[in-house]
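1. Provide a 3D model corresponding to the input given below.
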Amino acid sequence: MHTIPVLPLSETNREALRRHFLALDKEDLRLRFEHAISEATLMQYVDSLDFEHDAVFGVFDDRLELAGVAHLGLRGEIAEFGVSVAPGHRGEGVGTALYRRAYEYCRNHRIRTLFVHCLHENAAMMHIARKAGMEIVTDANEVEAHLRVPAGDPLSFTEEMIDDRVGLFDLALKSQFLAARTFTEAFANAAETLAHPLQQEEGGEAKKDKKAA
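-> Below you'll find the predicted structure:
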């Protein structure tokens with residue numbers, strides 16, 4: 001079971017994905033895609049995501065922005081795992097939660113090998129691979145890691161169903177809190193705006209009284 005709710009993403013989340021990747025700096029993007037990438041190419045990547053063929057997962061923060069995104073590129077019985085975590089959410093276990101959800105998906109969808117390819121200096125991905133017990137092969141610049149995935153069982157299918165429901169509930173709850181907070185802030189701003197003319201009028205009257213005195 002996941003301590004951080006993770007949701008499968010769909011076409012409706014594409015704009016949130018754009019914002020997530022645009023929030024990453026050049027070094028973040030180089031580590032994620034293994035080479036420098038322009039904004040135009042980055043947007044092409046987001047636009048080309050095929051939610052019907054691949055699996056994409058996300059963790060939403062309290063403002064309904066994507067704190068982390070995992071992409072499982074599916075090729076038959078092999079899945080390649082890629083992950084990114086937004087600044088401000090690192091060190092919270094977001095990447096690990098996304099990996100665990102991706103692994104769960106692989107078990108239940110007849111994926112037999114989970115594969116990672118990254119730069120040697122990608123410490124976050126290396127940490128995930130080692131923690132997962134992947135077989136790691138390194139050279140001077142790059143790392144390849146593989147993990148044989150066992151077939152799903154009734155427990156893994158149940159856990160995936162529960163995780164999806166928990167993710168949906170978490171998103172609904174955060175949406176309600178954000179709406180309430182937005183309304184409260186708007187109400188407070190409106191009240192402050194209405195109060196200023198009264199203060200100005202009172203200040204003007206005070207000046208008139210002073211002059212009259």
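2. CA only for contacts and neighbour counts going forward, please
-> Fine.
3. excluding covalently adjacent residues, which one is nearest to the residue nearest the centre of the chain?
-> For the chain, the residue nearest the mean C-alpha position is Gly68 (2.4 Å; C-alpha atoms, centre = their mean). In space, and not counting its chain neighbours, Gly68 is closest to Val85: 4.2 Å by C-alpha to C-alpha, 6 or more residues apart in numbering.
4. now do Thr3
-> Thr3 sits nearest to Ala97 (C-alpha to C-alpha, 6+ apart), 7.6 Å away.
5. ok so, going back, doesn't the residue nearest to the centre of the chain belong to a helix?
-> No. Under DSSP: H, G, I helix; E, B strand; the rest coil, Gly68 sits outside any helix and is assigned strand.
6. got the contact list for it?
-> Listed by C-alpha atoms under 8 Å, 6 or more residues apart in numbering, the contact set of Gly68 reads 20, 58-60, 83-86, 89, 94-95, 98.
7. isn't the residue nearest to Gly68 up against Asp61?
-> No. Assessed by C-alpha atoms under 8 Å, Val85 is found out of contact with Asp61, at 11.3 Å.
8. how about the helices in this structure?
-> 14-22, 26-33, 39-48, 94-108, 123-131, 154-212 (DSSP state H).
9. dihedrals phi and psi, His89?
-> Main-chain torsions, His89, degrees, to the nearest 10: phi -120, psi 10.
10. mean pLDDT per helix and strand in this structure: which one sits at the bottom?
-> Using mean pLDDT, DSSP states H and E, helix 154-212 stands out as the lowest-scoring helix or strand of the chain, at a mean of 74.
11. what's the neighbour count on the nearest residue to Ile78 once chain neighbours are set aside?
-> Spatially, and ignoring its direct neighbours in sequence, Ile78 is nearest to Thr113 (4.8 Å; C-alpha to C-alpha, 6+ apart). By the criterion of other C-alpha atoms under 10 Å, Thr113 has 20 neighbours.
12. ok, now Leu173?
-> The tally of other residues near Leu173 (other C-alpha under 10 Å) stands at 13.
13. ok, now Leu9?
-> Using other C-alpha under 10 Å, the number of residues around Leu9 comes to 19.
14. much appreciated, bye for now.
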